[in-house]
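Q: sharing a model that was predicted from the sequence below.
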Amino acid sequence: PEVRKIVISRMARPEEVLLYEDENGQVQREYSKDTDSIVLYKTMRECLIFLTHLNPHDTEEILVQKLARIVDGSEYSFTAVNTLSWSVGAIAGTMNEDDERRFVVDVVRELLGLCENRQGKDNKAVIASNIMFVVAQYPRFLRAHWRFLKTVVNKLFEFMHERFPGVQDMACDTFLKIAQKCRRKLAILQPGETMPFINEILLQLNSIISDLSPGHVLVVYEALATIVGAQVGPQRDQLVKSLFLTPNELWRGLMAQAAQSIDVLKRSEVQQQLLNILQTNTRVAQALGQGYALQLGAIFMDALNLYKAYTQMVSEIVAAQGVRATHLLEVKQMRSVKKEILRLVEAFVTQSEDPQSVAATFLPPLMESVLPDYQASIPEARDAEVLQLFSSAITKLRTTMQELVPNMFSAVFEPTLAMITANFEDFPEHRVQFYNLLRAINQHCFATFRVISGAQFKLVIDSIIWGFKHAERNIADIALNLLLELLRNVQNSDIAQPFYQTYLIALMQDLLFVLTDTFHKPGFKMHATILLYMFRLVRFNQVTAPLFPSPEAAPGMTNEAYLRQVLADLLGRSFKNFLPAQIAHFVQGLLTIDDLTLFKNHLRDFLVQTKEFAGDTADLFLEETQAAEVAKTERQRQIDLQVPGLLNGLTGPNDDD
């Protein structure tokens, strides 16, 4: 008992969620970064869970008695209320359902009474935050008790009007968690009710969100969209219309004003209103998926016209003031609206269940608006979201995008390549999205590479080489994966032999270059995989076109013999501290070993003998280290699953559906 009392009285603070607005006007949810506190909470939580399993009644009795002393005032303090509530939340899922029901009802009832009776905004805010924390930890209980669930949600709506710092954050985040775990209960008609609760919420939505900031409103709309998504067919469509009643009314009003005078769109408050409406649509599209199609259809053409209008305005300002105009607040706001339109379409496309409709209805007019702007803009005014949108569209719609990709590729490839190859630092977002786009095209629309010009295809290969030589690991990783997937696609195509004849030796040389420098060690696994793949192509006569210059070739020269000669010459010039016999032994292994594990060991043996890698080989074993960590994590998860409550309702599976 004493151990339980100490753990409960000193329970550490759990992970918190904070809302903030980034430099682009995007509202983000950020988890608290107090790592030491979070680690301590997880350890103390596990300890209390095991102690509860040893004697659940003793833990319950200690918590109830402590709560009683807090309520009567003898032990009331913010710290006491916090540690008690965190402890109650920590043991969620450890009791059987009957005991849990009685326990949760008692705790929440006492905390609600405490909130009512305590005077002062500070007191009420602390108690309210703790009530919300506790109820969010018990989704199983909430799903099983409709009346209590409804009461809790209504209480959250009350807390959304509380201006004390942190309370609205907690109320909105708790509502989202409950919506995700109890969405069907909130979406369908419950016994004794005249309508589904979601309908009641939508009828009073304007009142519920009247005191919330735009960031909090986004969270509420995401939660409501999650609930609406539990419905299907006409019922869902009607709920979507009700959900967007106010935003659409405001949108139509702004569009009508813009039709009268385009200068309305230059006003800062109008730009912020448009951004808020578009962000709301994006959140709903992400949560609702295909059910959002009706709403997108209602605003899509207006959104495209808005994109064109801001494109024209930005172009005019940049033409008059030059590159520095991109740093002006009014230009940043205009670009924020443009970016949000792209994010909205991307959110819908990635969740869509009707690829034919998306490819035929939404993307062609979008491309007509977006691609000319991207091509004509100065590099500093191009949005990486354009690349991200088309990458996501190709990944989702696959071959359905094939007819649209060549025009898109022609518009964005060379302008972006010129931006990112000037140095290794500028336009970091464009770099990542550029390689993601190339990879998506290769994976799903490889035929595009067969119809572009030879000069453009050479630029694709050059950009891949430049990518896997990049110092940024994420870019190098994408480029390496892209290269391996491209080689596999080429092998099964009619361009294989010309490709091998033109690029294979050069690709091998560049890969050996990054393999043997010390800047790209984390890519060792992919370096080895790709090199083995290419060597096997030659060894097993998949390369029938001559890799060697025919006029200069010795009689009887084969591709394998020529490759052996090229490798020995390259390595001999690069590693002068190696004897010819050592080089020959290494090359022999490269061209005879089939097994990837043995091949990697052969490469490691060579690398550790070089001066560059002496004493610093940890990254060469990164794959094995990561695999061991994954296996360890999975073993621990399986153990945790055997202990009720250790993986509670928020981190465990959603059994609502």
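A: Perfect, thanks for sending it.
Q: can you pull out the helices in the stretch 351-500 of the chain?
A: For the stretch 351-500 of the chain, the helices defined by DSSP state H, counting those that start in this stretch occupy 355-357, 363-376, 384-397, 405-420, 428-444, 448-451, 454-468, 473-491, 496-499.
Q: for residue 116, give me the pLDDT.
A: For residue 116, the pLDDT comes out at 87.
Q: how about residues contacting the host helix or strand of it?
A: Taking DSSP states H and E as the criterion, residue 116 maps to helix 97-117. With Cβ atoms under 8 Å, 6 or more residues apart in numbering as the test, helix 97-117 has contacts from 56, 60, 63-64, 67-68, 70-71, 81, 85, 88, 92-93, 95, 124, 127-128, 130-131, 134-135, 138, 140-141, 144-145, 148, 152, 155. All C-beta atoms are positioned from the backbone trio N, CA, C, and that covers glycine.
Q: near residue 119, how many other residues are there?
A: Number of residues near residue 119 (other Cβ atoms under 10 Å) recorded here: 7.
Q: so residue 315 versus residue 344, what's the distance?
A: Applying Cβ to Cβ, to the nearest Å, the value for residue 315 to residue 344 is 22 Å.
Q: neighbour count: the two, which is higher?
A: Using other Cβ under 10 Å as the criterion, residue 315 and residue 344 rank with residue 344 on top: 26 against 16.
Q: which helix or strand contains the more buried one?
A: For residue 344, the element it lies in under DSSP H and E is helix 329-351.
Q: does anything pack onto that helix? Which helices or strands?
A: With contacts taken as 3 or more Cβ pairs under 8 Å, 6 or more residues apart in numbering; DSSP states H and E, helix 329-351 sits against helix 268-288, helix 293-321, helix 363-376, helix 384-397.
Q: one more time with 7 Å
A: Packing contacts for helix 329-351, counted by 3 or more Cβ pairs under 7 Å, 6 or more residues apart in numbering; DSSP states H and E, involve helix 268-288, helix 293-321, helix 384-397.
Q: burial-wise, tell me which of these comes out on top.
A: Greatest average neighbour count among these goes to helix 384-397 (a mean of 24), per mean count of other Cβ atoms under 10 Å.
Q: residue 207: neighbour count?
A: Under the neighbour criterion other Cβ under 10 Å, residue 207 is assigned a count of 11.
Q: again, but for residue 602
A: Neighbour count for residue 602, taken as other Cβ under 10 Å: 20.
Q: didn't residue 125 look like it was pressed against residue 168?
A: No - taking contacts as Cβ atoms under 7 Å, residue 125 lies outside contact range of residue 168: 10.1 Å.
Q: which residues touch the spatially closest residue to residue 197 that is not a sequence neighbour?
A: Once flanking residues are discounted, residue 197 sits nearest to residue 186: 5.0 Å by Cβ to Cβ, 6 or more residues apart in numbering. Listed by Cβ atoms under 7 Å, 6 or more residues apart in numbering, the contact set of residue 186 reads 179, 197-198, 227.
Q: including pLDDT, distance to residue 548 and secondary structure, could the residues you listed go into CSV?
A: Listed next are those as CSV, based on pLDDT from 0 to 100; distance: Cβ to Cβ, whole Å; DSSP: H, G, I helix; E, B strand; the rest coil:
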residue, pLDDT, distance to residue 548, secondary structure
179, 95, 66, helix
197, 95, 75, helix
198, 96, 71, helix
227, 96, 67, helix
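Q: circling back to that earlier point, now, the contacts of helix 97-117 that are in helices?
A: Members of these lying in helices (criterion: DSSP state H): 56, 60, 63-64, 67-68, 70-71, 81, 85, 88, 124, 127-128, 130-131, 134-135, 140-141, 144, 148, 152, 155.
Q: now residue 496: how far from residue 537?
A: For residue 496, the distance to residue 537 - Cβ to Cβ - is 9 Å.
Q: go on, residue 527?
A: Counting by Cβ to Cβ, the gap from residue 527 to residue 537 is 16 Å.
Q: looking at the two, which is more packed in?
A: Between residue 527 and residue 537, residue 527 has the larger neighbour count (other Cβ under 10 Å), namely 22 against 18.
Q: so who does that one touch?
A: Contacts of residue 527 (Cβ under 7 Å, 6+ apart): 511, 514-515.
Q: which single one of those residues is nearest to residue 469?
A: Lowest distance from residue 469 to the contacts of residue 527 (Cβ to Cβ) belongs to residue 514, with 5.8 Å.
Q: thought the closest one was touching residue 469?
A: Yes - using Cβ under 7 Å, residue 514 is in contact with residue 469, at 5.8 Å.
Q: and the contacts of helix 97-117, which of them are buried?
A: Buried residues within the contacts of helix 97-117, counting neighbours by 16 or more other Cβ atoms under 10 Å: 56, 60, 63, 67, 70-71, 81, 85, 88, 92-93, 95, 124, 127-128, 130-131, 134-135, 138, 140-141, 145, 148, 152, 155.
Q: what's the per-residue pLDDT of the residue nearest to residue 197 here?
A: Per-residue pLDDT puts residue 186 at 94.
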